[in-house]
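Undergrad: Requesting a structural model of the entry that follows:
(2 chains)
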2 protein chains.
Amino acid sequence: MREFSALQGSVLHEFSRAEKRGLYKAIYKRRDVRGHFLSKAVAKELIEKLLDAAHHAGSVGFMQPWSFIVIRSDEVKRRVKHVFDRANQAAAQVHQGERRELYSRLKLEGILEAPVNLCVTCDPTRHGPHVLGRHTIRETDVYSTCCAIQNFWLAARAEGIGVGWVSIFDPAELREVLHIPEHVIPVAYLCVGYVREFLPRPELESAGWLSRLPLEELIFHEQWGRRHADQT
Amino acid sequence: MREFSALQGSVLHEFSRAEKRGLYKAIYKRRDVRGHFLSKAVAKELIEKLLDAAHHAGSVGFMQPWSFIVIRSDEVKRRVKHVFDRANQAAAQVHQGERRELYSRLKLEGILEAPVNLCVTCDPTRHGPHVLGRHTIRETDVYSTCCAIQNFWLAARAEGIGVGWVSIFDPAELREVLHIPEHVIPVAYLCVGYVREFLPRPELESAGWLSRLPLEELIFHEQWGRRHADQT
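TA: Okay, here's the model as predicted:
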């Protein structure tokens, strides 16, 4: 009987159809935006709303290891762009022939065009040295930070704001430009702003760089490599 | 004029009030569930729906490095629980006095009670060796995997399903139990199921382990350490 009434409660935990639609829409229509930013300003209050959503991600031992550097200065953006350019030239060299040509045509960042840039960092020493749940896997601080980034990304999508994650830079050089202490990890550098459009599919998929993997190939049962669930 | 009509379009990108509410509700009411799982079965189709949401996270170079091991077998769960217990005994030792007592009272996993366990892995070699955007920061594959995990967590919340992330185990031992190849990283081990309740606040906050940090202390402007935006 107790289990039954608890179950009733559990059913109530489920969101309404419209609420679910909002969440799934954010998940499926979120894009990594590089080339469609508008110059329209993004209000300080809206950025704070998105950062508050990020701040409500779960974190290992409730350590909340993240900080957020909000960048609006053109000068800082230009310096970051320079750091990107240098890393990108090196990165392009690893691809050959047609692949390199395709690479050179891809737009991989919107640092200067996006009205707001955001660096999300992780401080592994916060609330340390002994963070609950982080004794055996130290990287869980960074994992938590990534969950916060995904919250930000989804909330931005719901507000009609595009986000592009730039991952091509030397962390040491980025640290220097943004005065980030040596022990703090710059996990993500995001370009943020209103956009002309959200593309129907990821750009790398449309460009033929790679295809989306079929979900069923990614699911195993009970152990790695086992494709089918036991019928028992 | 072009900018203006694009702006009109941009406003349309914003979600409706009800849709936004759904997303923010998932973000703010998501919990790390350890002690409130019900035995009620979770349908295969629902798990697949949640995994599809995870699979639609962005990933560096569209590499989609994740795989999902769905565990329902009591025997496998028991073996994983054993791996957890061993790591947890060691983890408890680092805390002293009152803190250790509080630690010992905290429930940190629901491995056996949750009807479904899920191991989310990251294969750093997928689509390699040269993954676009991963030339300078190799860990971006794991970052992408964490974004997928957050999608799963939020979608689960919307469906009334609780998720608890267990991070206390030796990855090598978990690999052995789940037959995960050496080069693949077990990023998260999640306990998944319907729950009696979602607590109003994170358990570690209610238990007085740590407080939520004020958001304003986590925001900098233009560079690390600068608290106020330029008024220019």
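Undergrad: C-alpha only now, for contacts and for neighbours.
TA: Will do.
Undergrad: Would you map the helices across chain A?
TA: Listed in chain order, the helices of chain A (DSSP state H) span A:2-13, A:17-29, A:44-55, A:74-92, A:97-105, A:140-158, A:171-178, A:203-206.
Undergrad: Of the ones you listed, flag the one that's most buried.
TA: helix A:140-158 (a mean of 27; mean count of other Cα atoms under 10 Å in any protein chain shown).
Undergrad: Report the backbone C-alpha coordinates of that helix in CSV.
TA: Extracted C-alpha coordinates of helix A:140-158, given in CSV (Å, rounded to 0.1, in the frame of the first residue of the first chain):
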residue,chain,number,x,y,z
THR,A,140,34.9,14.5,-11.6
ASP,A,141,35.4,18.2,-10.9
VAL,A,142,35.8,18.8,-14.7
TYR,A,143,32.9,16.4,-15.4
SER,A,144,30.6,18.6,-13.1
THR,A,145,31.8,21.7,-14.9
CYS,A,146,30.7,20.2,-18.3
CYS,A,147,27.3,19.4,-16.9
ALA,A,148,27.0,23.1,-16.0
ILE,A,149,28.0,24.0,-19.5
GLN,A,150,25.3,21.8,-21.0
ASN,A,151,22.7,23.5,-18.7
PHE,A,152,23.9,26.9,-20.0
TRP,A,153,23.8,25.7,-23.6
LEU,A,154,20.2,24.3,-23.3
ALA,A,155,18.9,27.4,-21.5
ALA,A,156,20.5,29.6,-24.1
ARG,A,157,18.7,27.7,-26.8
ALA,A,158,15.4,28.1,-25.1
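Undergrad: gap between A:Glu217 and chain B?
TA: 8 Å (Cα to the nearest Cα, to the nearest Å).
Undergrad: oh, I was asking about A:Arg78
TA: A:Arg78 is 12 Å from chain B, by Cα to the nearest Cα.
Undergrad: my guess is that residue contacts A:Ala114, does it?
TA: No - using Cα atoms under 8 Å, A:Arg78 is not in contact with A:Ala114; the gap is 11.8 Å.
Undergrad: Ranking helices and strands of chain A by mean pLDDT, which lands last?
TA: helix A:2-13 (a mean of 53; mean pLDDT, DSSP states H and E).
Undergrad: Quick one: residues contacting A:Tyr194.
TA: A:37-42, A:160-162, B:10 (Cα atoms under 8 Å, 6 or more residues apart in numbering or on different chains).
Undergrad: For those, work out which two are farthest apart.
TA: For those, the farthest-apart pair by Cα to Cα is A:Ser39 and A:Gly160; their separation is 13.9 Å.
Undergrad: Please identify which of these two sits among more neighbours.
TA: A:Gly160 (24 against 15; other Cα atoms under 10 Å in any protein chain shown).
Undergrad: surely that one meets A:Glu197?
TA: No - the pair A:Gly160 / A:Glu197 is not scored as a contact, 9.4 Å apart, by Cα under 8 Å.
Undergrad: I'd assumed A:Ala114 was in contact with A:Cys191.
TA: Yes - with contact defined as Cα under 8 Å, A:Cys191 and A:Ala114 form a contacting pair (5.6 Å).
Undergrad: Compare those two and say which is more crowded by neighbours.
TA: Set A:Cys191 next to A:Ala114 and count neighbours by other Cα under 10 Å: A:Ala114 wins out with 29 against 26.
Undergrad: Could you report the pLDDT at the more buried one?
TA: If you check A:Ala114, the pLDDT there is 98.
Undergrad: Okay, it and A:Pro202: tell me how far apart.
TA: 19 Å (Cα to Cα, to the nearest Å).
Undergrad: try A:Arg30
TA: 9 Å.
Undergrad: Could I get the CA-only coordinates of the longest strand seen in chain A as PDB?
TA: Secondary structure of chain A per DSSP state E: the longest strand is strand A:185-194. Taking Å, rounded to 0.1, in the frame of the first residue of the first chain, the C-alpha atoms of strand A:185-194 are listed here in PDB:
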ATOM      1  CA  ILE A 185      41.400  24.700 -15.900                       C
ATOM      2  CA  PRO A 186      39.800  26.700 -18.700                       C
ATOM      3  CA  VAL A 187      37.300  24.000 -19.700                       C
ATOM      4  CA  ALA A 188      35.300  25.800 -22.300                       C
ATOM      5  CA  TYR A 189      35.400  29.000 -24.300                       C
ATOM      6  CA  LEU A 190      31.900  29.800 -25.600                       C
ATOM      7  CA  CYS A 191      30.700  32.300 -28.200                       C
ATOM      8  CA  VAL A 192      27.300  33.500 -27.200                       C
ATOM      9  CA  GLY A 193      24.700  35.700 -28.900                       C
ATOM     10  CA  TYR A 194      21.400  36.000 -30.900                       C
END
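Undergrad: pLDDT averaged over that strand, what's the number?
TA: pLDDT averaged over strand A:185-194 gives 97.
Undergrad: Partner strands of that strand, with direction?
TA: strand A:116-122 (antiparallel), strand A:161-166 (antiparallel) (DSSP bridges).
Undergrad: Out of those, which is the most enclosed?
TA: Buried most deeply of these, by mean count of other Cα under 10 Å, is strand A:161-166, with a mean of 27.
Undergrad: and that one with helix A:44-55, angle?
TA: 60 degrees (axes from the mean of the first three to the mean of the last three Cα atoms, to 10 degrees).
Undergrad: List of residues touching strand A:161-166?
TA: A:30-34, A:37, A:108-110, A:153, A:156-157, A:188-195, A:198, B:13-14, B:133.
Undergrad: picking that back up, so which of the strands paired with strand A:185-194 gets nearest B:Gly208?
TA: So among the strands paired with strand A:185-194, strand A:116-122 is nearest, using Cα to Cα, at 22.9 Å.
Undergrad: roughly how far is that closest one from the heart of the chain?
TA: Here strand A:116-122 is found 10 Å from its chain centre; the criterion is Cα atoms, centre = their mean, to the nearest Å.
Undergrad: With just CA atoms, put it into PDB.
TA: In PDB, the C-alpha atoms belonging to strand A:116-122 read as follows (Å, rounded to 0.1, in the frame of the first residue of the first chain):
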ATOM      1  CA  VAL A 116      29.400  37.800 -25.600                       C
ATOM      2  CA  ASN A 117      32.200  35.300 -25.100                       C
ATOM      3  CA  LEU A 118      32.300  33.200 -22.000                       C
ATOM      4  CA  CYS A 119      35.100  31.200 -20.500                       C
ATOM      5  CA  VAL A 120      34.000  28.500 -18.100                       C
ATOM      6  CA  THR A 121      36.700  27.300 -15.700                       C
ATOM      7  CA  CYS A 122      37.100  24.600 -13.200                       C
END
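Undergrad: can you state the direction angle for that strand and helix A:74-92?
TA: Going by the same axes, to 10 degrees, strand A:116-122 makes 70 degrees with helix A:74-92.
Undergrad: what angle sits between strand A:116-122 and helix A:140-158?
TA: Using the same axes, to 10 degrees: strand A:116-122 against helix A:140-158 is 160 degrees.
Undergrad: contacting residues around strand A:116-122?
TA: By Cα under 8 Å, 6+ apart, strand A:116-122 touches A:42, A:65-72, A:77, A:111, A:141-142, A:145, A:149, A:184-193.
Undergrad: go on, stretch A:213-222?
TA: Residues contacting stretch A:213-222 (Cα under 8 Å, 6+ apart): A:226-229, B:51-52, B:55, B:64, B:66-73, B:76, B:178.
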